[in-house]
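K.L.:
sequence? don't have it. structure:
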Ligand SMILES: [Zn+2]
C-alpha cells in the first residue's frame, strides 16, 4: 500500500485513534504531519461510518478546548467461536475486548457433520440477530490447525482430538460468510491464548510470555519477541505431551502413544482419578462432604477440602503441582519468559495449588531465568474465542501494516516529539 495513498492515511489515522485515543484532531495533525484538511476529511468519513466517535473535550492543556476522538467501541464488535472436544464456545466482544456475550454449548462428536454445522449456524444466526444494531466486523474461528490430509483417518489421535475435523475448513467458513455477509477467518488455536492475553488480558504490552492451560488437558501458548509461536506445522507448544517421567516411575500410557507425559499425570482427569482411587481404598478425606449427589469429584469440592486442610487432597494437589512445575520450568529454561499466565478451570483449585505450582517452577528453573512473574488470566474459559476476535479486529484495522505504532505509547510520542508520518518510513525497517 503506497504511503501517500488515501487508503494508507485513513488506516494510519484509524490505528492511531485505536491505540492512542481519545486523541484530538490537532494531535493527529501534529503526529502525522498531514495537512489539516486531509485529516479533517478522513475523520469526517470515519465518523460517518460510525467507526469513531467524538467523546467530549480535553480537560487540560493550553489553547481552546479540543474535541477528543476515540474508537466507537460500543458499536464495533466481532464474534469468536472455539471448539474443544466437549464444547463450542461463542463470544461477542467489543473492539476494546469487553465481552458482551458468551455461551458454551455441548459438542457432540458422534453427531454427523451436517447436524453439527446446522447447530453452529443456528447459534451464529441467533447471535447476529442479538447484535444487529451494532457493526459486526467479522467472525473468527479458533481452530486446532489440523490438516486432515496429513493424517490417515484411523490415526489414533483423532479419537481423542475429536474436534480436529476438516469441516471447520471446508464447510463451516463459507456458510458463515453467506449468512453473515462479513469476513470469516480461521486462526490457529495454538496462538489464540497468547494473542488474547497480549491484546486484552494480563499480558498487555509483554513481549515474552507463556500461557499454560490447566484443565482436562495441559496446553500452552507461547509469545516470543511479541509474536505468537505456532511452529513449522502449526502444532507448537505441546507442553502436555512433554515427558517428565519414564521407566518404572512413568504413569500409564498417554493417548498420544507415549509414557510419562505431563498431561497424563497432572491434568484434571489424572487428579480426579488419583483421589477417586484413594477414596475407594478407604482413605479418610473431608472431600466426601463436598461431593454432589452424583458423587463427582469436582474442582470446587477439592478446593473446599483444601481450605479445610484435608490431608489427602493436599497430598495429591501438591503432587500434581510439583510434576507440572517441572514441565513448565523446562519451558522457562528454554524460552526465558518474563511472565507465565495460567488459564483453564483448574485455577479454581485456588491459592494452595497455584502457590505450589509456582514454587515448583521456581525450584526447577535455572536461577538466571527465575525473575518471571506469574498471573492468572481474567478470561480463563474464553481465551480461544477471544483470541480469534482479537485477530478479526487486527485484520479489519490492517494492524499488520501499522505494527510500529503499537510499539509506542503516548508519552514516547509526546516527549520525543515523534512524528508518526516520519515513523512510517522507519516502520518499513522495523
Ligand atoms: Zn502424551
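P.N.:
Perfect, I can see it now. Keep in mind that this is a model prediction, so the values were computed, not measured. Numbering: from 1, shown residues only.

K.L.:
Just the buried positions in stretch 352-367, please.
P.N.:
Neighbour-count burial for stretch 352-367, counted by 16 or more other Cβ atoms under 10 Å, picks out 352, 353, 354, 356, 357, 358, 360, 361, 362, 364, 365. The C-beta positions use only the backbone N, C-alpha and C, and glycine is treated the same way.

K.L.:
pretty sure the third one is in a helix, no?
P.N.:
In this case it means residue 354. Yes. According to DSSP: H, G, I helix; E, B strand; the rest coil, residue 354 belongs to a helix.

K.L.:
Show the contacting residues for it.
P.N.:
With contact taken as Cβ atoms under 8 Å, 6 or more residues apart in numbering, residue 354 is in contact with 342, 347, 374, 376.

K.L.:
Just checking the longest helix along the chain against the ion, any contact.
P.N.:
For the chain, the helix with the greatest residue count under DSSP state H is helix 311-335. No. Helix 311-335 is not in contact with the ion by Cβ under 5 Å from the ion; minimum separation 11.4 Å.

K.L.:
what pLDDT, on average, does that helix get?
P.N.:
The average pLDDT within helix 311-335 is 97.

K.L.:
So, low pLDDT: which residues of the protein?
P.N.:
Filtered on pLDDT under 70, the chain yields the residue ranges 1-3, 58-64, 109-110, 144-169, 248-251, 413-418, 421-430.

K.L.:
Enumerate the residues of it near the ion.
P.N.:
Close to the ion, as judged by Cβ under 5 Å from the ion, the chain has residues 241, 254, 256, 261.

K.L.:
and which of those residues is nearest residue 229?
P.N.:
Residue 229 lies nearest to residue 241 out of these, by Cβ to Cβ, at 16.2 Å.

K.L.:
Please report how far the closest one lies from residue 107.
P.N.:
22 Å (Cβ to Cβ, to the nearest Å).

K.L.:
Show me how the record splits this protein into domains.
P.N.:
Residue ranges for the domains of the chain, per automatic domain parsing: 6-72+401-429, 76-200+383-392, 209-376.

K.L.:
how far does the shortest one sit from the chain's center?
P.N.:
A distance of 28 Å separates the centroid of the chain from that of domain 6-72+401-429, by Cα atoms, centre = their mean, to the nearest Å.

K.L.:
now residue 332, nearest residue through space, not along the chain?
P.N.:
In space, and not counting its chain neighbours, residue 332 is closest to residue 365: 4.3 Å by Cβ to Cβ, 6 or more residues apart in numbering.

K.L.:
hang on, isn't that neighbour packed against residue 336?
P.N.:
No. Counting by Cβ atoms under 8 Å, residue 365 stays clear of residue 336, with 9.4 Å between them.

K.L.:
out of the residues of the chain next to the ion, who has the most neighbours?
P.N.:
residue 261 (26 neighbours; other Cβ atoms under 10 Å).

K.L.:
Spit out the contact partners of the residue nearest to residue 332.
P.N.:
Here residue 365 is in contact with 329, 332, 333 (Cβ under 8 Å, 6+ apart).
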